[in-house]
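Asks: output the structure for:
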Amino acid sequence: MQTRDTKGTVEVDGDIYHWELRRQPRPTTGGQWEGVAVTLRLQDFKREAIVQFPPPVRPNGRPDVEKQFVNTDHVRNAVASAIEAGWNPTSRGKAVVFDVDAEGR
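Replies: Below is the predicted model:
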């Protein structure tokens, strides 16, 4: 489900995770682009994971510079992927960054 919201919650395995849009697609050096980034946090805990989605591409192969919606199904997938990759949302420490595919896997 796509939403215009910049933050919300998703449920994964019975736990509530808060997500917040951290960055819209933007250009980087050398004509490259970064995609949407979303911050994840387990309810009542502070340890964050930042998941970076690939930049959206238009059918002609050029980067889509329009403001992107957040797909909560993809955020839910990203939570599971980050945990599988080693993120422990109940631990303490700095935010960890994960790159995921367009579907959050």
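Asks: can you list the residue ranges for strands in the chain?
Replies: Assigned by DSSP state E, the strands in the chain fall at 2-3, 7-12, 15-23, 26-27, 33-34, 37-42, 48-52, 70-71, 96-99.
Asks: check which helices and strands the last one is in contact with.
Replies: The elements that strand 96-99 packs onto, with contact taken as 3 or more CB pairs under 8 Å, 6 or more residues apart in numbering; DSSP states H and E, are strand 48-52, helix 72-84. Yep, even glycine has a C-beta here, placed from its N, CA and C like the rest.
Asks: of all those, which one is nearest Leu21?
Replies: Closest of the helices and strands packed on strand 96-99 to Leu21 is helix 72-84, at 9.8 Å (criterion: CB to CB).
Asks: now what about the closest one, what contacts it?
Replies: Contacts to helix 72-84, defined as CB atoms under 8 Å, 6 or more residues apart in numbering, come from residues 1-3, 8, 10-13, 17, 19, 38, 40, 49, 51, 53, 89, 96, 98, 100, 102-105.
Asks: tell me which residues of it are tucked away?
Replies: Across helix 72-84, burial judged by 16 or more other CB atoms under 10 Å covers Thr72, His74, Val75, Arg76, Asn77, Ala78, Val79, Ser81, Ala82, Ile83.
Asks: want to throw the helices and strands packed on strand 96-99 into CSV with distance to Asn60 and mean pLDDT?
Replies: Shown next, in CSV, are the helices and strands packed on strand 96-99 (distance: least, CB to CB, whole Å; pLDDT from 0 to 100):
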stretch, distance to Asn60, mean pLDDT
strand 48-52, 24, 98
helix 72-84, 23, 97
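Asks: before we move on, the earlier item: which of the strands of the chain sits closest to Pro59?
Replies: Using CB to CB, the nearest of these to Pro59 is strand 33-34, at 15.9 Å.
Asks: which other helices and strands does that closest one contact?
Replies: With contacts taken as 3+ CB pairs under 8 Å, 6+ apart, strand 33-34 sits against strand 26-27.
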